[in-house]
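Engineer: Make a model of this:
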Amino acid sequence: MGSYLGWFMEIHLNRLEAGPVHLEFDAPVSRLEDRVTGGPIQIKAHLARDQDRIRLTGDYRAEVMGHCDLCLGQIPLIMAGKLDLVLCSEDEDKPEQWDLELNLDAQDQDYYQGDKIEVQRYFQDQLILDLPPKLLCSPECRGLCARCGADLNHEPCRCDGIDPSNPFLLLKDLQEKHKKQEN
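Structural biologist: Predicted coordinates for the structure are as follows:
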C-alpha cells in the first residue's frame, strides 16, 4: 500500500495498479467561499481499485468561518466528517434517469472521467453537505432590521416612529419635504 503526504489535488489512476493508496493532505476551501472561508481542510483518504470502480473512503477536519444567516456575523465552525464513495468510470453504462430506483441502502456513487481523480473535490462536497442548512450565531439571534439594517443583537432598531403597518408613511415624509422646498 502506498502512502503519500502533502498537498495532493489529484491522483493518477496508474498509482492504484500497485495496490491501495493512502493519502494525507490539506486542501483549500476555495470552492466553498460562498458558504465558508478559512481552512484548510485536513484530509485522510484511502483509495482502492476494483476493476473500473474505485472505492474512496476517508475523513476530513476543517476549522472554517461561516456567516450567520440572520445577522451576517462570523461564526467559527469545526467541521469533521467521513466519506465512503464508489467512483465508476464515465465509460461504464449509466442507468437511464427514468430507470433509477431509490435505494436507501445503496452506497454513494459518482463517476470519474479520464485517468486521474480530483480527490479533494469529493471531500469539499462532503463538507458542504455536512453544513447545517441554516447557520446561526446562536439560537436566540435576532438578525438585522429589514429597514434600517441595525444588528438587533447589539443595538436597537433605528427606525422608531415609522409605522410598520403603513408602508406609505415614508412617501408622506418625502412629500412634506418636497412641499417645504417649493415654498
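
Engineer: next helix or strand past the worst-scoring helix or strand of the chain on mean pLDDT?
Structural biologist: Ranked by mean pLDDT, DSSP states H and E, the helix or strand of the chain with the weakest confidence is strand 2-6, at a mean of 47. Next in sequence after strand 2-6, counting helices and strands by DSSP states H and E, comes strand 11-12.

Engineer: Identify the residues contacting that next one?
Structural biologist: 21, 23, 47, 115-117, 119 (CB atoms under 8 Å, 6 or more residues apart in numbering). No exception for glycine: its C-beta is placed from N, CA and C like everyone else's.

Engineer: which SS state does the most centrally placed residue in the chain fall under?
Structural biologist: Closest residue to the average C-alpha location of the chain: Ile128 at 2.8 Å, with CA atoms, centre = their mean. Three-state assignment for Ile128 (DSSP: H, G, I helix; E, B strand; the rest coil): helix.

Engineer: for Asp160, same thing?
Structural biologist: With three-state DSSP as the basis, Asp160 sits in coil.

Engineer: how far does the helix or strand harbouring Arg55 sit from the chain's center?
Structural biologist: For Arg55, the host element (DSSP H and E) is strand 53-67. From the chain centre to the centre of strand 53-67 is a distance of 11 Å (CA atoms, centre = their mean, to the nearest Å).
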